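*Asks:* Show me the folded form of this:
(one chain, ligands or ions: 1)
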Amino acid sequence: MLNRQLGSTAARQASPGGGDGRPSTSTSPRAVDMTQHVLASGGRARSPLLADVTTPLLSSTVVRGPDGRYYSTSPGQQQQQQQQSRPASALSGRSEPADAGAMDEKAAAAAAAAAEPGGKKPGAASAWLRLFRMARPEYRMLGGAVGLLLVSSGVSMAIPFSMGKIIDMATSAGAAMPYGLTPAQGFGALAAVFAVGALANAGRIVLMRTAGERMVARLRRDLFGRVVRQDMAFFDGSRTGDLVSRLSTDTAVVSRSITSNVSDGLRAALSAAAGVAMMVVVSPKLTGVMLGIIPPLALWGVVYGRFVRRLARDTQQAVGALSRVAEERLGNVRTVQAFSGEAAEEARFDGEAQRILALARREAVASALFFGGNGLAGNLALLAFLALGGRMVLRGEISVGDMASVMMYSGYVGMSLGGLTAFYAEAMKGVGAGERLLELLDRRPAVDAAAPGVRLAGPVETIAFAAVGFRYPARPDAAVLRGLSLEIPAGAHVAIAGPSGKGKSTLAALLLRFYDPSDGRVLVNGHDLRTLQLHAWRRRLALVPQEPALFAGSIRDNLLYGNAQASDAQLVEALERADAWHFVERLPAQMDTYVGERGAALSGGQRQRVAIARALLAQPEVLILDEATSALDGTREARVLGALHGGAARARRMTVVTVAHRASTLRCSDTVVVLGDDGGVAEAGAFDELMLRPDGHLRRLMAAQQHAQ
Ligand SMILES: Nc1ncnc2c1ncn2[C@@H]1O[C@H](COP(=O)(O)OP(=O)(O)OP(=O)(O)O)[C@@H](O)[C@H]1O
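*Replies:* All right, here's what the predicted structure looks like:
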């Protein structure tokens, strides 16, 4: 039986080179349309990814997964649910708790601080090196690509030289093909060399793209794995849309910046170096003219690259905000339409889109200045080159072919310099996006379910809250629980009652160790919950939360989430126990009926019953029902409660903790614990006994409810 609360006094407290088909001019389009790229890649990656990742991110009922792991409600959804439930309760006349409104700025800042990893941000170079190390599994493939790059670049660099020789051969009578080749043989050999170069280039593109995509996939998996294991304080301060944007867009930007971009950069560096060398060989004097413009251009490039890095980070954030708005508002489209909020939402979305546009405009102006300046400098250098080169040809210091070679090489060098700048800008973009990824990848959850810990040898004997005080990390100023003590023996059926917003669901969250108490301890068989291996502990529990959401899939898929090994007979039995079989049986495809996104194609009561069946399938030792039957009518609720609290259920010795408001639900439990205004237990005892107390808390609570009806 439940012991009375133990008092709550003392403890109370308050590409250049055209390598992969891109135009090979120095005004690289890669750098010019950064925002478009970000958006385009976001858009491309988002649709398939959203379908894949938002579902787990939006999971709700806490149950064991098919892999035996424990899965829990996401705050993104909690926020959505809160947003949905607010207007709904307003419509139904239910009053909201005074302190349950939207997070104020201070709280949001506290939540964000709780969600942010500590520590200094790495510098650009070290961040980039770290990102580069993350490509380690692709090193072999990237190495192969670099080998092929050397081949194709070698061939490219031979072109101007060969062309110069051919021009000389065509313009002077005595010139002949080298190595005594006939013109046909010479042209044939050149064509063969070009073919080898083309093949090497094609191979390089395949290897590089494959390596890039593999890296994106791995980054996404690692990031998702890291995010899905974060503690609830993190999710309280994060927005799902933002996280999805990091998963989709940032990963693609980072991967590109250290795979294809590195290849393009390397190609540009090689071309520039080889081009300069060849120019020097052919005519050092002419080379001097062309190279005079390099130092100012390099400096200009560094300034531009830094600017782009900042801009990339802002753009990634703005894209994240846009995704967030789209995700939240489309995810709650019923609420939007019910309140005729379409135009307001359109304006809100447009506001986010305009922010991105403003950033893109700044980037466009910066790119225009940069590449325009580059082009002008290149053209002026070319004029000087033609003036000097023409004079040298007239004086017989160099041949026309040599001048043509140097001109072509200088074109290559110019393109390569543009390529190097684009490489730098792209690398900085990668760092901008990478910093956001590294923040997430580096974040260690405060509550780590995989951390080693004590595994209970036998069954759960007692669960105790010992002088527990609790404040949500997002609202450190507001104490929800203070010095709360209660004990729940194994097999007991305990109901938690109390006015709205007094911490009933919080007790369930503490039991699952979504959060650690700010004071006091939660004990299981005398072990502090913090010392238990959390996955092992959570596998002993199942929670049906206040507004259970199902996954988009069939009823069967959702049930199997509770126990992947369950047979059809077990699924039907669980549905029967949850009083759900009678309606599932009549659905067009029965258990294979698609339930819609988050179970939207079922009624609230049907969703609740499927969620109860799913929790029962997990065969928990402790079942936590957080107003899990609130959407059912009296008859249906009585049946479900009969199945959960009746003789057959008791024979299973399952401990049942029920959070409830209704008398019909509360009286099914052996003991009712009423939470008081002071954050502790106001009274506890059998329902009937408490109702007999003339000025008892439960009696007043029930009277107030009756009065309200
Ligand atoms: N994730 C959160 N971050 C910050 N504050 C929270 C969070 N969740 C709940 N709270 C606040 O903690 C208090 C207790 O919330 P809880 O959900 O436990 O109340 P409850 O008694 O279950 O209410 P109800 O009967 O309305 O479901 C409320 O004031 C609520 O606003």
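
*Asks:* Can you pull up the residues of the stretch 201-350 of the chain that come close to the ligand?
*Replies:* Residues of the stretch 201-350 of the chain lying near the ligand by C-beta under 6 Å from any ligand atom: Asp236. C-betas here are computed from N, CA, C, even on glycine.

*Asks:* which residue does the stretch 201-350 of the chain bring closest to the ligand?
*Replies:* The ligand sits closest to Asp236 of the stretch 201-350 of the chain, with a gap of 4.6 Å, by C-beta to the nearest ligand atom.

*Asks:* Quick check: the gap between the nearest residue to that residue once chain neighbours are set aside and the ligand.
*Replies:* Spatial nearest neighbour of Asp236, excluding adjacent residues (C-beta to C-beta, 6 or more residues apart in numbering): Ala474 at 4.4 Å. Per C-beta to the nearest ligand atom, to the nearest Å, Ala474 is found 4 Å from the ligand.

*Asks:* And for Gln608?
*Replies:* Taking C-beta to the nearest ligand atom, one finds Gln608 at 15 Å from the ligand.

*Asks:* What strand or helix carries that residue?
*Replies:* If you go by DSSP states H and E, Gln608 is part of helix 604-617.

*Asks:* list the buried ones in that helix?
*Replies:* Applying a neighbour-count criterion of 16 or more other C-beta atoms under 10 Å, one finds 605-617 buried in helix 604-617.

*Asks:* got the residues of this protein near the ligand?
*Replies:* Checking the chain against the ligand by C-beta under 6 Å from any ligand atom, the hits are 97, 99-100, 236, 472, 474-475, 480, 498, 500-506.

*Asks:* quick one, what contacts Leu559?
*Replies:* By C-beta atoms under 8 Å, 6 or more residues apart in numbering, the contact list for Leu559 reads Ala566, Leu571, Ala574, Leu575, Met591, Val610, Ala613, Arg614, Leu617.

*Asks:* State the pair within those that is farthest apart.
*Replies:* Ala566 and Val610 (13.6 Å; C-beta to C-beta).

*Asks:* If you tally nearby residues, what's the number for Trp300?
*Replies:* Residues lying near Trp300 (other C-beta atoms under 10 Å) number 16.

*Asks:* I'd assumed Phe370 was in contact with it.
*Replies:* Yes. Applying C-beta atoms under 8 Å as the test, Trp300 and Phe370 come out as touching, 6.7 Å apart.

*Asks:* biggest helix in this protein, by residue count?
*Replies:* helix 342-394 (DSSP state H).

*Asks:* quick one: average confidence on that one?
*Replies:* Helix 342-394 shows a mean pLDDT of 87.

*Asks:* If you drop the residues flanking it in sequence, what lies closest to the residue nearest the centre of the chain?
*Replies:* Nearest to the mean C-alpha position of the chain, by C-alpha atoms, centre = their mean, lies Leu243 at 3.1 Å. What sits nearest to Leu243 in space, not counting adjacent residues and going by C-beta to C-beta, 6+ apart, is Val227, at 5.7 Å.

*Asks:* And for that neighbour, the neighbour number?
*Replies:* There are 24 residues near Val227, going by other C-beta under 10 Å.

*Asks:* Centre of the chain to the host helix or strand of it, how far?
*Replies:* For Val227, the host element (DSSP H and E) is helix 183-228. Here helix 183-228 is found 28 Å from its chain centre; the criterion is C-alpha atoms, centre = their mean, to the nearest Å.

*Asks:* what's the answer for stretch 225-234, then?
*Replies:* In terms of C-alpha atoms, centre = their mean, the gap separating the centre of stretch 225-234 from the centre of its chain is 10 Å.

*Asks:* List the buried residues for that stretch?
*Replies:* By neighbour count with 16+ other C-beta under 10 Å, stretch 225-234 contains the buried residues Arg226, Val227, Val228, Arg229, Gln230, Asp231, Met232, Ala233, Phe234.

*Asks:* surely the first one meets Leu438?
*Replies:* No. Judged on C-beta under 8 Å, Arg226 makes no contact with Leu438 at a distance of 10.7 Å.

*Asks:* before we move on, back to that, flag whichever of the buried residues of helix 604-617 scores worst on pLDDT.
*Replies:* Within the buried residues of helix 604-617, lowest confidence goes to Gly605 (84).

*Asks:* Could you pull up the contacting residues of it?
*Replies:* With C-beta under 8 Å, 6+ apart as the criterion, the residues that contact Gly605 are Ala631, Leu632, Asp633, Arg636.

*Asks:* mind putting the residues you listed in CSV, secondary structure included?
*Replies:* CSV is the format used below for those (DSSP: H, G, I helix; E, B strand; the rest coil):
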residue, secondary structure
Ala631, coil
Leu632, coil
Asp633, coil
Arg636, helix
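
*Asks:* re the thing from before, pop out the phi and psi values for the residue nearest to Asp236.
*Replies:* Phi and psi for Ala474, reported as degrees, to the nearest 10, are phi -80, psi -20.

*Asks:* and it, how many neighbours does it have?
*Replies:* The number of residues packed near Ala474 is 23, by other C-beta under 10 Å.

*Asks:* Was I right to think it contacts Asp231?
*Replies:* No. Ala474 is beyond contact range of Asp231, at 11.9 Å (criterion: C-beta under 8 Å).

*Asks:* what's the next secondary structure element after whichever strand or helix holds Tyr409?
*Replies:* Here Tyr409, judged by DSSP H and E, is contained in helix 400-442. Later in the chain than helix 400-442, the nearest helix or strand by DSSP H and E is strand 462-471.

*Asks:* pLDDT averaged over the helix or strand that that following strand is followed by - what is it?
*Replies:* The helix or strand immediately downstream of strand 462-471 is strand 479-489, counting by DSSP H and E. Averaged over strand 479-489, pLDDT sits at 91.

*Asks:* Check stretch 269-287 too.
*Replies:* When pLDDT is averaged along stretch 269-287, the result is 82.
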